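Student: sharing a model that was predicted from the sequence below.
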Amino acid sequence: MTPEQIAKPDTEYAHQCAVMAWASSNIGKYPELKWYYSIQNEEKSNSAFVGGRARASGKKAGVSDTCLPVKRGGFSGLYIEMKKPSRKPKRKGSLGGVSEEQLEFGRFIQSQGFGFIVCYSWEEARDILIQYLEQKEC
């Protein structure tokens, strides 16, 4: 399946799967994409047991959806918080579905030398990854 087909349900999950599929198919051009990974923080559970297990194993509210642990352009790596396109802010100052915990995490990792960005589609995330990887190495 193509990333376009994967993203068709137009959910945050579908867009994240689409960008991961794109990354997997572009390792030949951008070898560092081999290390691009998702952080399983999005899935919610109706079960207190499953939620408790997730927290006990290290799930943290606010942690970004994906990470590329590659140095570029003065950054130690890049974290991307994915949102579905319909969440994109229509006016300046709107949070676009980004929670306070996600903003706090973004501020913290930026203070530690990492890049942080919110992307509202798999295409936007793809373009950011390309832009990031094509910068000069540190």
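Tutor: Received, thanks.
Student: tell me the spacing between P3 and L129.
Tutor: From P3 over to L129 the distance is 12 Å, taken as Cβ to Cβ, to the nearest Å. Just so you know, the C-beta spots here come from the backbone N, C-alpha and C atoms, and that holds for glycine as well.
Student: give me phi/psi at F116?
Tutor: Backbone torsions for F116, taken as degrees, to the nearest 10, come to phi -140, psi 130.
Student: name the residues contacting each of P3 and L129.
Tutor: The contact sets of P3 and L129 overlap at V19 (Cβ atoms under 8 Å, 6 or more residues apart in numbering).
Student: of these two, who's got more company?
Tutor: Applying other Cβ atoms under 10 Å to P3 and L129 shows that L129 carries more neighbours, namely 24 against 21.
Student: quick one: pLDDT of the residue nearest to I6 when sequence neighbours are not counted?
Tutor: For I6, ignoring the flanking residues on the chain, the nearest one in space by Cβ to Cβ, 6 or more residues apart in numbering is A18 at 4.2 Å. pLDDT, A18: 98.
Student: check contacts around A18.
Tutor: Neighbouring residues of A18 by Cβ under 8 Å, 6+ apart: P3, E4, I6, A7, W122.
Student: count of neighbours near the fourth one?
Tutor: By that I understand A7. By other Cβ under 10 Å, 24 other residues sit near A7.
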